[in-house]
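Asks: curious how this folds, go ahead:
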Amino acid sequence: MVIDKDELKKLLTYENDNNKLDEYFQNAKDGIITFNSNVSAFLFWCTLYTLKKKYTSSCNITDFLDSTKIDKDSDFYKLYETLFIAETFYPSIEEAGQATIKPAVIGMHLGIAEYLLLTYRYMECLEYVADTLRIDKNNQTALFLKGLCLEALLQYGYNLKQKNMTLICDIYNSISVDNVYFDKNIVNSKLNHYKKIDVFILKNMGLVFTKATKAILNDIPNWNDEKTFYLTDKLFINPLSEIDGYVEAANESILPTGISCEINDLFKSIISDFEFCRRTLYEYNNATNKEKLNIVVTFNFLFTIFDKIGYLLYKYFDINMGKKTDELNEASVYLHTIFDKTLNGSTIKLSEVKNQYLYSLYHISREYSKNNKNNNFYNPMTIISKSIKLNRNVLMHRSTALTDQDTLYCITDYLAKVVKRSIIYTNLILYTEELRKSMNLQYSNFLFSDNYNFNLVDLKDDPIY
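Replies: Okay, here's the model as predicted:
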């Protein structure tokens, strides 16, 4: 038996059948089960271990690790090992300073961050990188991942590329190749490239980001407490908002020239909807009497933005939804339904368009779609999204009284960040697709030089979904 995406889904159907789980375990241990990729092996053992733990608290991690068919010298095995060890403790960031568990917690965060990088979810990767750097500010692998993500997010649009180059140079110049747990060829290539750049000249030209100190913010015209809230809560529509405290994060999305008035209006409307939601969060956060219904409305309205993004992409790429009339076509447009549809006059599906930011958005759509039934895999990224979707179901179909107000605020605040990221990825999709048109590139060509060349987690074959 070969474990692939379909077999991983089947494994979940045996969640309550301990005998079947034992059969899978023994077959895998004996080599009867094989894997079509390291990703499948990694997710199979993670899922199996999680399910088996439901039946016994004495599931020995060391023995379990020894039984796996993952190459013990591979990077995946190291990720897998640290993920399990850390999950045994499952500490908070504050508890992670304890010497006995610190390496395992760092390993867990870095393992998740690397998976997110492999699936082009750069802003989500930065979130886990930040968790690592709060525990160990000099962690070399976390710094390297941070550099890769910033390079991917700020090379297009936002007029921040030159300042970002200075920041990345500073990051890479602080790194030793031997201390980065990552592909050494990639690390060497990156560090050698940026060592050729004269950072001193860039800094003398003023090409540096400005740290948002209280004194600096007080000197900025029209700056106020509301903007400070957006900066600290990472709600500005700018990739730079994902890392702590730079004034330039307040420079919000810039649409590329050349897009039609229709797409421009649709995008501006999406931004306006998001601005309403984050303003409501700010007002709720500062209110003396916090009205629960205000946060309920914000939570539900944020969810509508996903499908508005889907509609914009449907229009922009001229997607054929397979219906007989335009009216029926548009009625079936949702963010999660457009990726397996073809572009009009073409056999190419949207999921086959080679654009890294489409891949980013694809994974968000799968994680937050109400129709995604496969979120039971051992996937740390889905913990919050499952809570968000459960609360949405309660609010829409049960009763507002059944939700806890403080919890609802926390997940609404997190959902706002997910929507912000989706808007940024959409902006980058539009920017790079306009660049594609100007270069006369086909949809089958990547627009960029793939700096990583992982070829590891393909969009359509990612077994998590």
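Asks: quick one: buried residues of the longest helix anywhere in the chain?
Replies: Ranked by residue count under DSSP state H, the longest helix found in the chain is helix 405-439. For helix 405-439, burial by neighbour count (16 or more other Cβ atoms under 10 Å) applies to 408-409, 411-413, 415-436. For the C-beta atoms, the positions are set from N, CA and C on the backbone; glycine is no exception.
Asks: and for the closest residue to residue 310 other than its chain neighbours, the neighbour number?
Replies: Of all residues not flanking residue 310 in the chain, residue 335 sits nearest, at 3.4 Å (Cβ to Cβ, 6 or more residues apart in numbering). Close neighbours of residue 335, defined as other Cβ atoms under 10 Å, add up to 25.
Asks: contacts only, for residue 335.
Replies: Contacts of residue 335 were listed using Cβ atoms under 8 Å, 6 or more residues apart in numbering, and they are 306-307, 309-310, 313, 361, 365, 369.
Asks: one more: residue 402?
Replies: Neighbours of residue 402 in contact, by Cβ under 8 Å, 6+ apart: residue 394.
Asks: could you list the low-pLDDT ranges of the stretch 301-450 of the chain?
Replies: Scanning the stretch 301-450 of the chain for pLDDT under 70 picks out 324-326, 328, 370-384, 445-450.
Asks: so residue 197 sits in a strand?
Replies: No. Under DSSP: H, G, I helix; E, B strand; the rest coil, residue 197 falls outside any strand and is assigned coil.
Asks: read off the pLDDT value for it.
Replies: Residue 197 carries a pLDDT value of 87.
Asks: just the one 10 residues further on next, same as before
Replies: Looking at residue 207, its pLDDT stands at 88.
Asks: and for residue 108?
Replies: 67.
Asks: show me what contacts residue 302?
Replies: 274, 277, 412, 415-416, 419.
Asks: just the closest of the residues you listed to residue 68, please.
Replies: Among the contacts of residue 302, residue 415 lies closest to residue 68 (Cβ to Cβ), at 35.6 Å.
Asks: that closest one and residue 243, how far apart?
Replies: From residue 415 across to residue 243, the span is 20 Å (Cβ to Cβ, to the nearest Å).
Asks: for the nearest residue to residue 309 once chain neighbours are set aside, what are its contacts?
Replies: Leaving aside its chain neighbours, residue 309 sits nearest to residue 426 (5.3 Å; criterion: Cβ to Cβ, 6+ apart). Neighbour list for residue 426: 267, 270, 309, 312-313, 357, 361 [criterion: Cβ under 8 Å, 6+ apart].
Asks: for the residues you listed, which single residue is the most surrounded?
Replies: Greatest neighbour count in the contacts of residue 426, by other Cβ under 10 Å, goes to residue 361: 27 neighbours.
Asks: where's residue 226, which helix or strand?
Replies: helix 225-232 (DSSP states H and E).
Asks: please state the offset of that helix from the chain centre?
Replies: 23 Å (Cα atoms, centre = their mean, to the nearest Å).
Asks: do stretch 170-184 as well
Replies: Per Cα atoms, centre = their mean, the centroid offset for stretch 170-184 relative to its chain is 23 Å.
Asks: now do that stretch: everything it contacts.
Replies: Here stretch 170-184 has contacts from 75, 78, 110, 114, 138, 140-141, 143-147, 150, 187-188, 190-191, 194-195, 199, using Cβ under 8 Å, 6+ apart.
Asks: could you work out the end-to-end span of it for me?
Replies: 19 Å (Cα to Cα, to the nearest Å).
Asks: list the buried residues for it?
Replies: Here stretch 170-184 shows 170-172, 175, 180-182 as buried, counting by 16+ other Cβ under 10 Å.
Asks: so which of those residues comes closest to residue 296?
Replies: residue 171 (41.0 Å).
Asks: which helix or strand contains the closest one?
Replies: Assigned by DSSP H and E, residue 171 falls in helix 161-173.
Asks: let me know the average pLDDT across that helix.
Replies: Helix 161-173 comes out at a mean pLDDT of 89.
Asks: now it, how far from the chain's geometric center?
Replies: Worked out by Cα atoms, centre = their mean, helix 161-173 lies 22 Å from the chain centre.
Asks: can you check stretch 233-250 too?
Replies: That offset, for stretch 233-250, works out to 16 Å (Cα atoms, centre = their mean).
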